[in-house]
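J.: Prediction below, plus the sequence it came from.
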Amino acid sequence: MTRPAETRAAVLVDYEKPLEVRSLPVPPPEPKAAIVKVEATTMCGTDVHIWRGEYAAAGLSKLPLVPGHEIVGRIAELGSERTVDALNRPLAEGDLVAWSYAWCGSCYWCTLAKQPTACENARMYGWGPADKAPYITGGFAEYAYIMPPCSIVKVPEGLDPAVAASATCAFRTIIHGYEKIGRIETHETVVVQGSGPVGLYALAFAIQSGARQTIMIGAPEARLDIARRWGADVVLDVQNGDPATRREQVLELTDGRGADLVVECSGANAAFVEGMDLVRRGGRYLIIGASEPRPVEIRPTYFNLRQLTVAGTMSGDVSHYYRALTFLRDHQDRFSFGDLLGSRYSLDQVGEALDGMESMREIKPVIIP
């Protein structure tokens, strides 16, 4: 596979404006870097937030940028010192791979705290800038640059590349979250708030982990149908009913106690407020989807008098990527992971994909450069 001098990419030049398909340089890889030909990139809700400019004030997104952070690609060229993946397996041109973000490996969080996802110098894909080397650090492009600090894992044989791409954000974050909040026991009830890709992956993991009962709260109906097909014991539509009614339903299903574990995957502040009332005394609350910048009121007595354990996570390290991909391979006969995927779009159609994602017509559009 020959590395081209330039690549086509869909570039966000100004927030809330149509992306422009431009030609960007494909630099030769540094010794520990690699160049991949993008096989598939799936769209995440975060891509819509970036397009709106919601992270610009915090300095996280940097224009111009190539969006897309859920990416898999085939190796086009390896740097001279990049010879194996994270499991010490030989890498070669043509291998289908996924890769973690570029954690610096030298800050307090990377070295002493062993929390690379909190790295203060992290370089994340899909956030820009595209006017500085290495330029192509987003998935809405024909080629992408794997930066030297990134860890690479091979994608298991037999996985649809688009399904594999969806694991590189939505599912790896779920794996990280469950690792932090603790194992699911076979007598426990798990409530998942939010029926988007993150919530559906949280549901699948809870079911496969042996939860006695799973309850999905979300909308719209098409997404709840997936939850039913995947094996959710109870499905509650947020468009039909109010928080008080849903709380009564959860209490009735748990002998008046509440859920042992609630997993927030919706991103809405209202879900967080509701979730605190769904978890039992001494239970656990895992926050993954929260993205609204506005504050909400929290009662400290939830934590001491009700003895709750609350945890939050974002992103994931290479172990979470590997475990997510392995889960998809091992359980694709039980869960129809392809149900999460929306329509497939070219680079020239990225605007249509963003519109479908924003309007919730699509669960997870797929960009095939």
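T.: Nice, I can see it.
J.: And stretch 140-149, end to end?
T.: By C-alpha to C-alpha, to the nearest Å, the extent of stretch 140-149 from end to end equals 21 Å.
J.: There's contact between residue 257 and residue 278 in this structure, I believe.
T.: No: look at residue 257 against residue 278 with C-beta atoms under 8 Å: they stay out of range, at 10.6 Å. Backbone N, C-alpha and C define where each C-beta goes, glycine included.
J.: So those two - more neighbours on which side?
T.: residue 278 (25 against 15; other C-beta atoms under 10 Å).
J.: Would you check how far apart that one and residue 319 are?
T.: Residue 278 is 30 Å from residue 319, where distance means C-beta to C-beta, to the nearest Å.
J.: just residue 60 next, same as before
T.: 24 Å.
J.: Equivalent analysis for residue 369, please.
T.: Applying C-beta to C-beta to residue 369 and residue 319 gives a distance of 28 Å.
J.: Looking at these two, which one has more neighbours?
T.: Between residue 369 and residue 319, residue 369 has the larger neighbour count (other C-beta under 10 Å), namely 24 against 16.
J.: what's the closest non-adjacent residue to the more buried one?
T.: When the adjacent residues along the chain are set aside, residue 369 lies closest to residue 142, with 4.4 Å between them (C-beta to C-beta, 6 or more residues apart in numbering).
J.: just checking, the one you found touches residue 7?
T.: Yes: contact criterion C-beta under 8 Å: residue 142 and residue 7 qualify, at 4.5 Å.
J.: Let me see the contact set for the residue nearest to residue 230 when sequence neighbours are not counted.
T.: Nearest residue to residue 230 in three dimensions, chain neighbours excluded: residue 335, at 5.2 Å (C-beta to C-beta, 6+ apart). Listed by C-beta atoms under 8 Å, 6 or more residues apart in numbering, the contact set of residue 335 reads 204, 208, 230.
J.: how near is residue 335 to residue 44?
T.: 19 Å.
J.: could the contacts of residue 335 go into TSV alongside neighbour count?
T.: Shown next, in TSV, are these (neighbours: other C-beta atoms under 10 Å):
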residue	neighbour count
204	26
208	16
230	20
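J.: ok, so of the residues you listed, who is nearest residue 264?
T.: residue 204 (16.6 Å; C-beta to C-beta).
J.: Wait, a strand at that closest one?
T.: No: secondary structure assignment (DSSP: H, G, I helix; E, B strand; the rest coil) places residue 204 in helix, not in a strand.
J.: I'd say residue 13 and residue 66 touch.
T.: No: assessed by C-beta under 8 Å, residue 13 is found out of contact with residue 66, at 10.8 Å.
J.: neighbour-wise, which of these two wins?
T.: residue 66 (27 against 13).
J.: How about the contacts made by the more buried one?
T.: Counted by C-beta under 8 Å, 6+ apart, residue 66 has contacts 9-12, 24, 126, 128, 130, 135-141.
J.: confidence score at it?
T.: For residue 66, the model assigns a pLDDT of 98.
J.: nearest residue to it other than its sequence neighbours?
T.: residue 138 (2.9 Å).
J.: Next one: the one you found from residue 77, what distance?
T.: Remark: distance between residue 138 and residue 77 (C-beta to C-beta) = 18 Å.
J.: and these two? which has more neighbours close in?
T.: More crowded of residue 138 and residue 77, by other C-beta under 10 Å: residue 138, with 29 against 18.
J.: Which helix or strand contains the more buried one?
T.: Take DSSP states H and E as the rule and residue 138 turns out to sit in neither a helix nor a strand.
J.: And for residue 246?
T.: helix 243-253.
J.: so what secondary structure elements neighbour that helix?
T.: Under the contact criterion of 3 or more C-beta pairs under 8 Å, 6 or more residues apart in numbering; DSSP states H and E, helix 243-253 touches strand 213-218, strand 234-237, helix 269-276.
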